[in-house]
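A.B. asks: turn this into a structure:
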Amino acid sequence: MTTTFMHIGRFNVASEHRERFIEIMKDYEAFSTQRGLDHSNIIEDEKQPGTFMHVTVWKTRKDWEAVEETEGHKNMHAERDKTLASPMEHDFICGTIIA
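C.D. replies: Numbering: from 1, shown residues only. This is a model prediction of the structure:
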């Protein structure tokens, strides 16, 4: 698959909800079938525990936009947002993959 689009979200997770956040994200990754998704990673900042990045790489931006509108994705957001120490800012980094 040729990938052309990447989205990176950054999340500040409340310390008491760290494990729940990881569980929600892993479950979403394991059970969702997302058209156009090449790969994704959940990364915790080694210098700021509780700060996570969710990196997704897509075939096209339209594929990412379509997934954003699905009921499963919206449900994941609702559950994930309960674990955050501060509200999520949307669209941290979106861009075209050059190389």
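
A.B. asks: residue contacts, the spatially closest residue to S15 that is not a sequence neighbour?
C.D. replies: Nearest residue to S15, sequence neighbours excluded (C-beta to C-beta, 6 or more residues apart in numbering): G50, at 5.7 Å. C-beta here means a position set from N, CA and C on the backbone, and glycine is covered the same way. By C-beta atoms under 8 Å, 6 or more residues apart in numbering, the contact set of G50 is N12, V13, A14, S15, R18, E44, A85.

A.B. asks: just the buried ones among those residues, please.
C.D. replies: Using 16 or more other C-beta atoms under 10 Å as the burial test, the contacts of G50 include N12, V13 as buried.

A.B. asks: which other helices and strands contact the helix of greatest length in the chain?
C.D. replies: For the chain, the helix that runs over the most residues, judged by DSSP state H, is helix 18-31. Contacts defined by 3 or more C-beta pairs under 8 Å, 6 or more residues apart in numbering; DSSP states H and E place helix 18-31 against strand 37-44, strand 51-58, helix 71-81.
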